[in-house]
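>>> pasting a predicted model and its sequence here:
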Amino acid sequence: MRMMKLLTLIVGLCVAGSLGVRAAEVEVDLSKLPPPSTKKDLSFEKQILPIFKKSCVDCHGPDKQKAKLRVDSLEELLKGSRGEPVVVKGKSTKSKLLIAVARLGDPDEAMPPEGKGDPLTKEQVGLIRAWIDQGLKK
């Protein structure tokens, strides 16, 4: 049984490494997430894009795409980062984008990075969370 667990761990690490995924995932305390906004009918164009333009597009826009991620259009955002989705429709707590902008989890993945801009406010994170939960409306 112990050998089987070891083999499973080795295979898992090899697969994770080949996909460019970090072997050690950081625990995320979801209780620290700001609550979703109570605003209804949120849309990418009206409420979310202005947040991204102010805080994210310099590094994740048409001119530069760090981590191969663009957030300047919904279509680009839905392509994800390096082929992996960053938002999960209807499931904000499963969305890497939300965890990153809330600055939870891995400090190396906090957005914007330390010294590269002001962190998003709880209200902005709450809007993004509600928008994801409401279905990623354009």
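Arrived safely. Numbers count the residues shown, from 1 in each chain.

>>> how about the contacts made by Pro34?
Ala102, Lys122, Glu123, Val125, Gly126, Arg129 (C-beta atoms under 8 Å, 6 or more residues apart in numbering). Any C-beta I mention is one placed from the backbone N, CA and C, and that applies to glycine too.

>>> now the spatially most central residue of the chain: which helix or strand?
Geometric centre of the chain, nearest residue: Leu97, 1.2 Å, by C-alpha atoms, centre = their mean. Leu97 belongs to helix 96-101 when assigned by DSSP states H and E.

>>> now for the next helix or strand after that helix, which elements pack on it?
Using DSSP H and E, the next helix or strand after helix 96-101 towards the C-terminus is helix 122-133. Identification of packing neighbours for helix 122-133 by 3 or more C-beta pairs under 8 Å, 6 or more residues apart in numbering; DSSP states H and E yields helix 49-55, helix 96-101.

>>> hey, which of the ones you listed is tucked in deepest?
Among these, helix 96-101 has the highest mean neighbour count (mean count of other C-beta atoms under 10 Å), at a mean of 23.

>>> count of residues packed around Glu45?
Residues lying near Glu45 (other C-beta atoms under 10 Å) number 11.

>>> on the pLDDT front, check it for me.
pLDDT, Glu45: 98.

>>> who are the contact partners of the nearest residue to it once chain neighbours are set aside?
Distances taken as C-beta to C-beta, 6 or more residues apart in numbering place Lys138 nearest to Glu45, at 6.4 Å, with adjacent residues excluded. For Lys138, the contact set (C-beta under 8 Å, 6+ apart) comprises Ser43, Phe44, Glu45, Leu74.

>>> how near is Lys138 to Leu77?
Distance of Lys138 to Leu77, computed by C-beta to C-beta, to the nearest Å: 10 Å.

>>> try Thr93
For Thr93 relative to Leu77 (C-beta to C-beta), the value is 18 Å.

>>> more neighbours: which of those two?
Comparing Thr93 with Leu77 by neighbour count (other C-beta under 10 Å), the higher total belongs to Leu77, at 23 against 14.

>>> and that one, its phi and psi?
Leu77 adopts backbone torsions of phi -60, psi -40, taken as degrees, to the nearest 10.
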